[in-house]
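Asker: model the following, please.
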Amino acid sequence: MRMMISSTPVTNQCFNQPAENSNTEFFNESDTAFYENIKPQLDQLKKDPQEETISRILAYSKSL
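Answerer: Numbers count the residues shown, from 1 in each chain. As a prediction, the model looks like this:
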């Protein structure tokens with residue numbers, strides 16, 4: 001199992017802010033609908049990230 005180090009502090013203001021209180025004026029209806037559709041999966045990923053999912057995200061970000 002690999003250990004990951006994050007340079008983002010946990011005390012980041014956005015980290016603990018509930019999504020309902022975030023500023024949504026920059027999102028249109030399709031953005032909001034997409035987010036609401038994937039929100040349960042994102043919440044699960046935040047609570048219990050799986051190694052394979054993390055690897056896929058990292059591989060995708062390296063391909064950009």
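Asker: quick one: A33 from Q44, how far?
Answerer: Using C-beta to C-beta, to the nearest Å, A33 is found at 19 Å from Q44. All C-beta atoms are positioned from the backbone trio N, CA, C, and that covers glycine.
Asker: past the helix ranked longest in the chain, which element shows up next along the chain?
Answerer: Ranked by residue count, the top helix of the chain under DSSP state H comes out as helix 29-47. Remark: after helix 29-47, the chain's next helix or strand is helix 51-63, criterion DSSP states H and E.
Asker: could you look up the SS state of F27?
Answerer: coil (DSSP: H, G, I helix; E, B strand; the rest coil).
Asker: tell me, how many residues neighbour it?
Answerer: By other C-beta atoms under 10 Å, 13 other residues sit near F27.
Asker: check contacts around it.
Answerer: By C-beta atoms under 8 Å, 6 or more residues apart in numbering, the contact list for F27 reads Y35.
Asker: so where's the protein shaky on pLDDT?
Answerer: 1-25 (pLDDT under 70).
Asker: how about the longest helix of the chain as CSV, C-alpha atoms only?
Answerer: Taking Å, rounded to 0.1, in the frame of the first residue of the first chain, the C-alpha atoms of helix 29-47 are listed here in CSV:
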residue,chain,number,x,y,z
GLU,A,29,-28.7,23.8,-14.5
SER,A,30,-26.9,21.0,-16.3
ASP,A,31,-23.8,21.5,-14.0
THR,A,32,-26.0,21.4,-10.9
ALA,A,33,-27.9,18.3,-12.2
PHE,A,34,-24.6,16.5,-13.0
TYR,A,35,-23.2,17.3,-9.5
GLU,A,36,-26.3,16.1,-7.8
ASN,A,37,-26.2,12.9,-9.8
ILE,A,38,-22.6,12.1,-8.8
LYS,A,39,-22.7,13.5,-5.2
PRO,A,40,-23.3,10.2,-3.5
GLN,A,41,-20.3,8.6,-5.2
LEU,A,42,-18.1,11.7,-4.4
ASP,A,43,-19.2,11.5,-0.7
GLN,A,44,-18.4,7.8,-0.6
LEU,A,45,-15.0,8.5,-2.2
LYS,A,46,-14.3,11.1,0.4
LYS,A,47,-15.2,8.7,3.2
